[in-house]
Every structure is written in C-alpha cells, then in structure tokens.
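K.L.:
Kindly generate the corresponding structure for this input.
(2 chains)
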Amino acid sequence: MSHLFGHHGAPGKGYSQPAPVLPASELSVPDSLLRKQAPRWPRISEPEMVRHYTWLSKRNFGIDTGFYPLGSCTMKHNPRINEVIAQLPGIADVHPHQPEHHLQGLLSIYHEMQHMLEICSGMDQVTLQPVAGAQGEFTAVRCVQEYFRLRGEDQRTKVIVPDSAHGTNPASAAMCGFEIVEIPSRVDGRIDLDALRAVADETTALMMITNPNTLGLFEADILEASEIVHSVGGQMYYDGANFNAILGITSPGLMGFDAVHFNLHKTFSQPHGGGGPGSGPIGVKAHLADFLPGPIVKKRPIAGDEANHAIDDMWYGWYQPIHSIGKVQQWHGNAGAVIRCWAYYRRYGNGLKTMSEHAVLNANYLRHALHREAEAAGVSDMIVDGAETDVAKHEFTISLGPAKESHGISAMDIAKGLLDMGYMAPTVYFPLVVPECMMIEPTETESKDTLDTFAEDFAKVLQEDAETLHNAPITTPVRRVDEVYAARNLCLRHPYDED
Amino acid sequence: MVDQLPNLGREAEMLASMGMSSMEDLFADIPDNVRMKGPLPLPDAQSEEEIIADARRLLGSNVALGERVSFLGAGLYRNYVPAAVFQLITRGEFLTSYTPYQPEVSQGMLQAMWEFQTLISELVGLPIANLSLYDGSTAAAEAITCSVRVHTRKATQKNTVYVSELTPPDRMSVVENYCQGAEIEIKMLRHNPDGTVNLSSAQEAAGSCGVYVEQPNPLGVLDGGLPLLKEIIGEHTALIVAVQPVSLGLVEAPGAYGADIVVGEGQPLGSPITGGGPIYGIFACSKPYLRLMPGRIVGRSIDVDGKEAYCLTLSTREQHIRRHRATSNICTNETLIALMGAMHMSLLGPEGLHDLAVRNMAACALGKQKLSSINGVRIPHASSHHFQEFVIELPGTARDCLAYLDSVGIVGGFDLARWYPNQPNWMLVSFTDQTKANEIELLAAHIEVWAASKGVAA
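P.N.:
Below is the predicted model:
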C-alpha cells in the first residue's frame, strides 16, 4: 500500500519556488488573521509523489484499461488529440472576464457548437452554460418555471416523470420546487399513455422523459405523449442522456419536445475522470429562448476596426436573453469540455449519424451475442430481457431475476464475476423497474472482437456456481468491499493520532 | 471518423448474425413521422491533423493571459501548476474512469479522493469534505440550501439566510436559482466602508439558518471581523465561509473560528483557469451537516478479508437512490480536477502552500505600494489587509483605463462596474505567484500615464 499520509516527508522547506517579490517579513499580517496550526499533511518529493499517484492509477479501471459497458454512462474511447487541444494556451490560459476581442476564437467555437446542437436536436437556441447533465435539467426546468410565471400560470406545480427515469430528473425538478408525479411504465417498459392521460392536467408544468428510455427502448408513442402534455398546456422535456443513439436519425424537435439537455461528455467525448467533469448544455424552442441563462454567443458582420481582432468576417459576442433566469455556474460553462467535444464533433461532422448507427449496431450485436453464448453454454434460462423488444437502441437491459430465483445468483454477483474476467461491470439495479437489472452499453468504439469475447466470458460467469460468485472478485486489488461497514464506521478522512 | 470506429466495414457481417440486412433494420422501431429527412446540414468530417490545425488557428487567436502582463483575477487566478500534475492526470486509468460504482476495481480513484477529502479537511479546518461540486458558486449555493435544511426547524427566522452584499452578481444569481425552489429568503449582510463585515448587521442574522461571507472577500479584503461572527449569530445559524484555498497557507482556517461550512473555488490549487471550467468547487462541513450535505463522499472500509479498502458511502442522500428527496441533483461532478488539486497540495506540502500564499500576498503588497503612490489613484480599502487583490479608485472610468492598458498589451484587471454599477471608477487589480516586480512597475507606470491624460498631474 502507498499512503499519502504514511509518508514521513522531508523536514524543512517544501516544494521549491522563486522568492516572493517582497520578503515575508514585510507583509505585516495581524496575528488575528494568521493561521495558527499548519495543515497536517506530509511534504513529499516529486519522485515520491509521482510514484504514489502512479500506484493509485494502477488500482483503477478506465476505458483505456478495458471494456467498460457501464449503461447510461457512455464510456466510449476518448481521442487523445482532445487532451492536446484542451491544453493549448488559447483555452487553458484564458479568463472568462477577458474582453470579447481577446476571445474571438473561443467564442466562434461556442457559436459553432450551439449551431451544431441546434441542428442535431431541432431546437431553436442552445446555451452552453450548464456544466453537467443534471445541471442542464435543473436549468431547463427553471426556464420553464419562469416561462409559466411570466404567463401567469402559477398553478402549474407538477412535473411528470416515468418510473424508469434517471434519478436526476425528479431531483432536479424538486430542487426547483415542483411536485413530482411518477407514472408507471407498461409491462413492456414503454410509457403508458393512459397513465399519462390520467395525471396530465392544467397543473402540469412539464413532463421529463428520456428517448430512447433508460431500458434502451425507443418510445414509439412519443408524439402522442407530447400531444397529451401540450393539450393541457404543459411542456415536454427531453433528457438527452441517450441522445447518442439517435443523432441524425430523429431529433427531440421532431418528437415534439420544447427543451432538451445534452450530456456533451457522453454524446461526444470528454473523459469522465472518475466522476467528472462533464458538460450539460440545453436547447429550447423559440418560446423558451428568452429565459435561457447566458451568456450565449451570437454573431454579426464585423464593423469598424473589429477586423483587427476578428477571425473571419463575423464578430462573435456574448448575449444575455431578456428574461434570463440568470446563471447556474458563475462562469461560461465548462469551456474546456466544450472544446474537447468540439474536436470530437469535427471528427464526424455531417457523419454523426454513423456514430449513432454504430452505437446501436454494437448494442444490438452484443445483446444477440450474449443470448447466443448463454444458449450455447446451456445457461440461457438464467437471464431474460429487461423488456421485450425486437431491437434495442444504444443500450439494453437484461434481468438476472431467473438466476436469482433458481441459483441464488444476483446481478451484483454477476457484476463481481465480470470484474474477475477483467471487465468493468455494467450498471446494476437500474432502471428500478427491472428486477436484478443489468444495463449494458458497449458504445460505438468497441470492436466486434471485444464484444464476442465479452459475450463468451459473460456466459462463463453465468456457469459459475453460486458460491464462487458470492466470493467474487478474487483477482482485483481488493475483494468485495463492505459498504455497510463503511457506513456504520464512518471514516471520511485520515484519522491521524485519533486512530 | 474511420480511426474511431472499429467496426466500420464489418456492419454486414454483424447485421447478418442478427438476421438483419441493413443498418436501417436497427431503427425499424422509430416511426416515420419523427424521422429526420436528409443528411445533417453540417460540414464534412475532418482528420486529426485538420482538427488540430483549426484548433491552433482558432484558439491561437485568443489572447492567452501568459502572453500578456495580466492583473485579471476576480475569482479565478493564474497560479503555477507543477508539471507532474499535468503528466499524471493524463494517465488513462484516472482520465477514462467514471464514478467508482464498482469499488474493487476503483480503489485508486477512491483512495485518491479519500486523501483529497483529508487534504481539504486539513486545509479548511473542518472534519468532512466531499469530492467536489461544479465550482465556487454552486458550492456556495448548495451550502446555503444545506444550512436551511439543517436549521430551519429551530430557526426563529425560518427559511432565511444572510448573504454578504459584496457577493458578485454572477455568483449571487447562481445562489438565487438554487434557493428559489425551496422558497428561501435571501437577506443582505451589510459591510463597512473599509470593506469589512458590519457586525451590527450580522446581529440581525442571529436566528436565521445561515450566513454567507467570503475570506478574502470580493474586494480582496481579509476581514479580521469574521472570527467574531459565529458568536454573534449563534449555534443554530450556520456560518458559511467561502475561501480562496491558496490563502489558507497563511490565513486562519475558517474551521478554527467556528465556520460550519467552508466552500470555495478550488481552481487556484491544481487547475488552469480554462475559460472558467472545468474547475472544482470545494465543500467541507462539520458533523451536524453530514447527512444533509450534497455530493459524493468516500469512506474507508474493509474488504471481506479485512483488508483496507475504500468505497462511496452515505449514498442514500443522493439522487440515484433518494430521487426527488435527494439533498442535491448532482451526479457528474469535477473529480478529475479535484484530483489535480490533491496532487498539487501533496507536492506543495504545508510549507510549500505557505510559501505560495506568501508569494501571492507579497505581489499584492508590492502592488499596493506602487499603485497607491500614483497621483489621482486612491485605494478605498487601504486600511484593510488584502490577500491577492484590492480595489483602486481611478480618476476616470475603469472601462476607459482598461481599454488604454489593453492597447499597450496589459490585461489591467476587472471593471467593478460589472458588479457594483454605482462604482464606475473602481478596478479590481489581482496579483498571483506569477506576477513579477517589473510587471507591477509597468502597470503603475501606464496607469500614471493614463491618469495624467485624465488631467491628473503626474
């Protein structure tokens, strides 16, 4: 084990730096402002520090390490050029408060990204300000809230979400002060229009829905759902977590949505970095555009001496919508993530549809391969589809319900068995509507060979006996971690001598 | 795109194995009436070489602060980040991982984040820290809503918080957006002419749910009155202090004077400014706030063999479990940038952090000496102590002065009229460890020239 706090550290001064421009003795800070006790962590030399973090990295699984079929999270390959671009001084070393004429290049990329997202989504205006998908949801719900306030429709206090929705949907709407109405899915995992009709009324502000939904199924009745909500004066919100399945094939605009968020880091590519950063722009139809948070980039022909700073014959400027809800992050969104996603988009251009097609091809191929291999291994009775369907979209669900019932093997057991085979496990126990659920998203950047091998290995795990799987994993840096112990014996920091 | 899609050219074979004949079969479930007609009206795909060339051309046209002499801070600061941080952060095992839902194969990031929690905890003087929020403003907003969740039942001023009137409007706007759904009333905490908190105004906050102040504050002032605040507002009102983390190498940790929640823009520790994101928000608190706080937390545990192991804990606060009753909607956070912060802190050590704070403050002190000697330039809060920035009052508008400085290649500072519209002549001048003595001389000389052009005798 390498422990940061186990290092003894060298005595005396730490990390070497240039001398201050004035001696510390001239600073005259009153004692009342001065820190009394230095933070207790060791000063370690660079060789120790590099080795510590390299050691830690070796105990971590990333896409670069192996197949990462974590459903809903879209763990696709991150092209390295994006990292090189994000370190260019023209993005890494710029400040959001610099004047427009210092940032024409950045603003033009913002404008290009707004425009591309508008085209792909069928929305009229995009803002790049929200920094994560959940924040995009929150932002869009706030815009809808202000829209209704301005129209005097304060009675719209309800937000409808299907029971298969991401947890962020109800959480974001509740943060805005809305009452959440959850409607059950049909047995085939799709939206139940009768259940929607039963709850949609003049108190409905919004319906939030993902399409393809969290089971990876396309909601073919989506136009009807939009009509039901619109007929009572409500708005339709598209959770763009699964937008990567439909680029160039359909769009939220065509499905009748009024607002949408994009998980830019998933649909395009920003490394997820152990939990973040992300980027969660939103797009809206024209009637909601005045409520968006700014700044938004608009362009116009250059005038006067602007040519000295312009990158072409257009001037790119920040713009604040008239009824803007204000800000949801203090700066201009996650500019570094936007740049990476811009580089990713440029790689596909008008061929983005091919990206979605391959995401869907890989998901369906893997779904078939899993069933085929399970069949061949004589264990097909242990899994069933999470929902009945001919085709899935970019992800699919299976239920380990039968395995649990007949063999006492849970989705978690299979997940841990897959870790022993050298894979990251799929998402488990989500969506909640599927018992012993496993949600699998291979992404477009996995080869057929990888998918074939994974399917074979998956069937091997299904053949393991219950005891072996209950003991899995055994090849990982640590074995099954006791989460109950962690919660009951809270240790959230190095305890020092309080140990 | 060819180099990104391993199965280009293998479509037919893969489709055939599923009994399909065309890619179209995969989308048979999407009704015709929602289909996009025709191709996306976007440019053609580019190769990596073309993309980097365009990126260099477009981003190269931006003015990077490092190319200029710069005094622009106002919440984001150009500190030197050691090379090892950038090298290590690109290790694919960190870079391309996600939320550690499977702890057995995520021990590296989990332990690194548990260490980050400890580093932040030590830095701010509070026992608990999370894995980061989006930025300083969302951390402030989440702290305020958290204080209401914890205190409103016993508060005499229910659902009410007091926020420093100096809080920049952009940050305030985030706070308002986060507070409005919970119907939280935001009242203003007044400040004295020297930039410090008005302690009698603070007395009005007693019995409310929380008080939000910043140290150093948005005027750059280190407020000696903050240590008195907790006693004034009382046990049942949260003292929330936002910090610039580098300052804590020198300045008292808020936990030591009774802060209940400490937040801040983590950026100066570990991260370039990057146009304002991705950066990371710091969130730390004391025990009474633990179960109602936002964000992810790592706990130390054991595996089935009793071996030390780490995992996410207290997840029942979070949206994926608690849904609409969650303490926050946050899912994706800024872990990778927080990891850069942890790396920077571990390399600095406490002494290195102290030295870094001294360098920032020394540059600021030298700046104060030089700028205060310019005829026509006044330092409104001169009697107060500053960490790395202060306000100068100019004999003309800051806007005009900044335009002049820009014309001679200096990024002069921040026009405070954008925050405080009734102060058009106020400019916030910021200094960091990167500020050189001769750059300060240059700034002073040019402001003197500009001031003279406004009719002020040199």
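K.L.:
hang on, isn't A:Tyr147 packed against A:Ala289?
P.N.:
No: applying CB atoms under 8 Å as the test, A:Tyr147 and A:Ala289 come out as separate, 10.1 Å apart. No exception for glycine: its C-beta is placed from N, CA and C like everyone else's.
K.L.:
who's in contact with the residue nearest the centre of chain B?
P.N.:
Residue closest to the mean C-alpha point of chain B, counted by CA atoms, centre = their mean, is B:Glu265 at 2.5 Å. Going by CB atoms under 8 Å, 6 or more residues apart in numbering or on different chains, B:Glu265 touches B:75-76, B:135-136, B:139, B:242, B:244-245, B:279, B:281-282.
K.L.:
bridging residues for it?
P.N.:
B:Gly281 (DSSP bridges).
K.L.:
Which pLDDT value goes with it?
P.N.:
Predicted confidence (pLDDT) at B:Glu265: the value is 98.
K.L.:
tally of neighbours for B:Pro193?
P.N.:
When counting by other CB atoms under 10 Å in any protein chain shown, one arrives at 9 neighbours for B:Pro193.
K.L.:
Check whether it sits in a helix, strand or coil.
P.N.:
Following DSSP: H, G, I helix; E, B strand; the rest coil, the label given to B:Pro193 is coil.
K.L.:
now it: how far from B:Leu219?
P.N.:
Taking CB to CB, to the nearest Å as the criterion, B:Pro193 is separated from B:Leu219 by 11 Å.
K.L.:
what ranges do the helices span in chain B?
P.N.:
Counting by DSSP state H, chain B has helices at residues B:11-17, B:48-60, B:83-89, B:92-95, B:107-124, B:136-151, B:169-180, B:199-204, B:226-233, B:319-322, B:335-372, B:398-407, B:437-453.
K.L.:
from what I can see A:Ala415 touches A:Val428, true?
P.N.:
Yes: between A:Ala415 and A:Val428 there is a contact at 5.1 Å, judged by CB under 8 Å.
K.L.:
More neighbours: those two, which one.
P.N.:
Shown here are A:Ala415 and A:Val428; by other CB under 10 Å, A:Ala415 has more neighbours (25 against 21).
K.L.:
Surely A:His265 and A:Gly278 touch.
P.N.:
Yes: at 4.1 Å, A:His265 counts as touching A:Gly278 under the criterion of CB under 8 Å.
K.L.:
Now for these two: what residues contact both?
P.N.:
A:272, A:337, B:332.
K.L.:
B:Arg325: neighbour count?
P.N.:
When counting by other CB under 10 Å, one arrives at 13 neighbours for B:Arg325.
K.L.:
Excluding residues flanking it in the chain, which one is nearest it?
P.N.:
Among residues not flanking B:Arg325 along the chain, A:Ala174 sits closest, at 7.3 Å (CB to CB, 6 or more residues apart in numbering or on different chains).
K.L.:
Closest to B:Ser21 out of the shared contacts of A:His265 and A:Gly278?
P.N.:
For the shared contacts of A:His265 and A:Gly278, the closest approach to B:Ser21 (CB to CB) belongs to A:His272, at 35.6 Å.
K.L.:
on that earlier part again, can you add pLDDT, distance to B:Gly396 and neighbour count and give the contacts of B:Glu265 back as CSV?
P.N.:
Formatted as CSV, the contacts of B:Glu265 follow (pLDDT from 0 to 100; distance: CB to CB, whole Å; neighbours: other CB atoms under 10 Å in any protein chain shown):
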residue, pLDDT, distance to B:Gly396, neighbour count
B:Gly75, 98, 25, 29
B:Leu76, 98, 26, 26
B:Asp135, 98, 33, 32
B:Gly136, 98, 31, 30
B:Ala139, 98, 36, 29
B:Ala242, 98, 32, 29
B:Gln244, 98, 29, 27
B:Pro245, 98, 35, 25
B:Ile279, 98, 33, 34
B:Gly281, 98, 36, 32
B:Ile282, 98, 38, 27
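K.L.:
okay, the residues you listed in JSON lines with distance to B:Tyr420 next?
P.N.:
Formatted as JSON lines, the contacts of B:Glu265 follow (distance: CB to CB, whole Å):
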{"residue": "B:Gly75", "distance to B:Tyr420": "15"}
{"residue": "B:Leu76", "distance to B:Tyr420": "19"}
{"residue": "B:Asp135", "distance to B:Tyr420": "22"}
{"residue": "B:Gly136", "distance to B:Tyr420": "19"}
{"residue": "B:Ala139", "distance to B:Tyr420": "23"}
{"residue": "B:Ala242", "distance to B:Tyr420": "18"}
{"residue": "B:Gln244", "distance to B:Tyr420": "20"}
{"residue": "B:Pro245", "distance to B:Tyr420": "25"}
{"residue": "B:Ile279", "distance to B:Tyr420": "24"}
{"residue": "B:Gly281", "distance to B:Tyr420": "24"}
{"residue": "B:Ile282", "distance to B:Tyr420": "26"}
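K.L.:
give me every residue that touches B:Glu334.
P.N.:
Contacts for B:Glu334 (CB under 8 Å, 6+ apart) come out as A:276-277, B:132-135, B:266, B:278-281.
K.L.:
same thing but 6 Å
P.N.:
By CB atoms under 6 Å, 6 or more residues apart in numbering or on different chains, B:Glu334 lies in contact with A:276-277, B:132, B:278, B:280.
K.L.:
Relative to B:Pro268, how far out is it?
P.N.:
Distance, B:Glu334 to B:Pro268, by CB to CB: 14 Å.
K.L.:
ditto for B:Glu50
P.N.:
Computed with CB to CB, the distance linking B:Glu50 and B:Pro268 is 36 Å.
K.L.:
Who has more neighbours out of those two?
P.N.:
When B:Glu50 and B:Pro268 are compared for neighbours, B:Pro268 comes out ahead with 27 against 13, by other CB under 10 Å.
K.L.:
Please look at that one and B:Asn79 and confirm they touch.
P.N.:
Yes: applying CB atoms under 6 Å, one finds B:Pro268 in contact with B:Asn79, separated by 4.7 Å.
K.L.:
Sketch out the low-pLDDT regions of the chain for me.
P.N.:
Chain wasn't specified; assuming chain A. A:9-14, A:498-499 (pLDDT under 70).
K.L.:
um, chain B though
P.N.:
Ranges of chain B meeting pLDDT under 70: B:457-458.
K.L.:
Using the record's domain definitions, break it down for me.
P.N.:
Domain assignment for chain B by automatic domain parsing gives B:67-77+B:349-453, B:83-344.
K.L.:
now swap in chain A and tell me
P.N.:
For chain A, automatic domain parsing gives the domain ranges A:82-351, A:353-484.
K.L.:
wait, does the shortest one contact chain B?
P.N.:
Yes: between domain A:353-484 and chain B, judged by CB under 6 Å from any CB of the partner chain, the touching residues are A:357-358, A:360, A:364-365, A:368, A:391, A:419, A:425, A:444, A:447-448, A:473, A:476-483.
K.L.:
Report how many residues lie close to the residue nearest to B:Gly207 when sequence neighbours are not counted.
P.N.:
Excluding the flanking residues, the one nearest B:Gly207 by CB to CB, 6+ apart is B:Thr156, at 3.5 Å. Counted by other CB under 10 Å, the residues lying close to B:Thr156 total 11.
K.L.:
Now B:Thr156, what are its backbone angles?
P.N.:
According to degrees, to the nearest 10, the main-chain angles of B:Thr156 amount to phi -80, psi -30.
K.L.:
The stretch 301-450 of chain A: strands as residue ranges?
P.N.:
Applying DSSP state E, counting those that start in this stretch to the stretch 301-450 of chain A gives strands spanning A:314-319, A:384-385, A:396-399, A:427-428, A:437-440.
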